[in-house]
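*Asks:* based on what follows, work out the 3D shape:
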Amino acid sequence: MGKAARRFKLPAMEASAACVDLPGLSKRKHVPVAPSANVKQKKESAGLSDELKRRLREAGALVLLPLALYLLVCLFSYDVRDPGWSSTSGSAHIHNLGGAVGAWVADLLRFLFGGVAYFFPLLLLWLG
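*Replies:* A predicted model of the protein is given here:
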């Protein structure tokens, strides 16, 4: 063992570690050095497993599918005579198949987005 290794008590390194020439030694010896922080190293995945990710996607699809269908029914059964966000009505009968909530949602979406609102259920289906 060289003087530098005895003096600094270098830790044992793997054979694949980089070596450095130390100045001042009469004979050039290679001393192992720990890999740099810039070197990409294998990281253990602390995230979700593939199985859990797949099940979460399926659960999301099961939630978004009924929501998209309800929204589609509300939008297609929209009636101007229904009470909603942009209008009030004296009639107690609601024509929207989604009920009072469906009438409000359909009225709000049509008021804010117009005809583009009909693509929202398709967007939910695509996300699911």
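*Asks:* for this protein, which helix is longest?
*Replies:* Identified as the longest helix of the chain according to DSSP state H is helix 50-76.
*Asks:* immediately after that helix, which helix or strand?
*Replies:* The C-terminal neighbour of helix 50-76 among helices and strands, as given by DSSP states H and E, is helix 99-113.
*Asks:* show me what that following helix is packed against.
*Replies:* Judged by 3 or more Cβ pairs under 8 Å, 6 or more residues apart in numbering; DSSP states H and E, the packing partners of helix 99-113 are helix 50-76. Quick note: C-beta positions are derived from backbone N, CA and C, even for glycine.
*Asks:* okay, angle between the helix it packs on and helix 99-113 too, please.
*Replies:* 90 degrees (axes from the mean of the first three to the mean of the last three Cα atoms, to 10 degrees).
*Asks:* pull out the buried positions in helix 50-76.
*Replies:* 64, 68, 70, 71, 72, 73, 74, 75 (16 or more other Cβ atoms under 10 Å).
*Asks:* please apply the same query to stretch 102-120.
*Replies:* Buried residues in stretch 102-120 (16+ other Cβ under 10 Å): 102, 103, 104, 105, 106, 107, 109, 110, 117, 118.
*Asks:* save the residues you listed as CSV, and put in distance to residue 57 and pLDDT too.
*Replies:* As requested, the buried residues of stretch 102-120 are arranged in CSV below (distance: Cβ to Cβ, whole Å; pLDDT from 0 to 100):
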residue, distance to residue 57, pLDDT
102, 27, 90
103, 32, 90
104, 31, 90
105, 26, 91
106, 28, 92
107, 32, 90
109, 26, 91
110, 31, 90
117, 26, 90
118, 25, 88
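*Asks:* please enumerate residues in contact with stretch 112-128?
*Replies:* 60-65, 67-69, 71-72, 75-76, 106, 109-110 (Cβ atoms under 8 Å, 6 or more residues apart in numbering).
*Asks:* repeat that for stretch 87-103.
*Replies:* Contacts for stretch 87-103 (Cβ under 8 Å, 6+ apart): 70, 73-74, 77-84, 105-107.
*Asks:* what's the answer for stretch 47-57, then?
*Replies:* So stretch 47-57 is in contact with no residue, going by Cβ under 8 Å, 6+ apart.
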